[in-house]
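>>> Starting from these lines, generate the structure:
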Amino acid sequence: MTTAPLVTILDDEPAIRTMLADALEEAGFRTMSFGRATEFEAALKTAAPDVCLVDLSLPDRDGLTLVHRLALEQGATVIIISGRAQVQDRVTGLELGADDYIIKPFDPAEVVARIRARLRRDKAVQQAGNTAYFNGWTAHFDSYVLENATGEQTPFSHAEGEVLRLFLERPKRLISRAMMQETLGGAAGESFDRAMDVRISRLRTKLREDPKNPRLIKTIYGAGYIFLGDVSWA
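The predicted structure follows:
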């Protein structure tokens with residue numbers, strides 16, 4: 001019997017935690033709820049959530065700092081749920097590694113739908129292969145690590161991994177902004193475009209690309225991006 005996906009809920013408002021837990025459990029998910037970041041981080045020592053729902057306004061920790069650490073270390077899908085509706089807040093959250101950003105107030109059914117969509121993409125990714133080889137690099141998508149020819153490792157976030165996989169699955173083909181939005185999900189607009197720019201910039205840095213003349217991830221101005229490496233999968 002397959003174990004239901006585990007969703008953790010970190011929000012300091014009890015009513016929101018209850019509303020989300022009820023909706024998710026009715027939809028077939030397992031849940032764990034926390035009102036403080038310290039409780040949540042302690043639980044992560046023994047729990048392995050598939051999705052983390054994180055509010056930014058926490059009583060004991062900066063939510064954005066926590067999101068960034070989760071994205072790099074936990075390997076789970078991270079979705080921010082926040083009352084901060086400004087474009088810059090959404091951009092910052094996505095830049096720091098969140099996979100999605102939902103603004104309060106929200107419909108619990110929308111949260112369930114977005115979680116299901118994310119998990120469907122993750123499942124398709126897992127079935128497609130977890131290791132890619134290209135130009136002296138190895139991308140380990142099961143452990144979210146880039147490894148160079150000498151064995152030196154550099155971690156990448158779940159969100160950065162989605163972008164990298166998109167390039168590696170379509171080498172030497174133009175990838176437009178519209179394709180990125182359709183494949184990766186999230187609302188199209190300024191916050192999505194800026195978040196993608198930051199993720200691509202970070203991937204270039206981790207791949208030790210010359211920012212003025214990148215060899216692997218090329219920008220085609222006005223059209224999108226193209227990955228120029230030769231890729232094999234295992």
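>>> okay, now the domains of this structure?
Domain ranges of the chain: 6-125, 129-233, per automatic domain parsing.
>>> Out of these, which one sits most buried?
domain 6-125 (a mean of 18; mean count of other C-beta atoms under 10 Å). Heads up, the C-betas are built off the backbone N, CA and C, glycines and all.
>>> Tell me the gap between it and the middle of its chain.
Distance of domain 6-125 from the chain centroid (C-alpha atoms, centre = their mean, to the nearest Å) equals 11 Å.
>>> As CSV, the domains of the chain with mean pLDDT would be great.
Listed next are the domains of the chain as CSV, based on pLDDT from 0 to 100:
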stretch, mean pLDDT
domain 6-125, 90
domain 129-233, 90
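>>> can you tell me the helix or strand for the most centrally placed residue in the chain?
Closest residue to the average C-alpha location of the chain: Ala159 at 2.9 Å, with C-alpha atoms, centre = their mean. Assessed by DSSP states H and E, Ala159 sits inside helix 158-169.
>>> One more: Arg90?
helix 87-95.
>>> List the contacts of the helix or strand that comes right after that helix.
As assigned by DSSP H and E, the chain's next helix or strand after helix 87-95 is strand 100-103. Strand 100-103 is contacted from outside by 77, 79-85, 90, 93-94, 110-111, 114, 118, 185-186, 191, using C-beta atoms under 8 Å, 6 or more residues apart in numbering.
>>> make it 10 Å
51, 53, 56, 67, 77-86, 89-94, 110-111, 114-115, 117-118, 159, 184-187, 191-192, 195 (C-beta atoms under 10 Å, 6 or more residues apart in numbering).
>>> Kindly provide the distance from Thr138 to Glu209.
17 Å (C-beta to C-beta, to the nearest Å).
>>> before we move on, back to that, in strands only, show me the contacts of strand 100-103.
Counted as lying in strands by DSSP state E, out of the contacts of strand 100-103, are Val51, Leu53, Thr77, Val78, Ile79, Ile80, Ile81, Ser82.
>>> Many thanks, have a good one.
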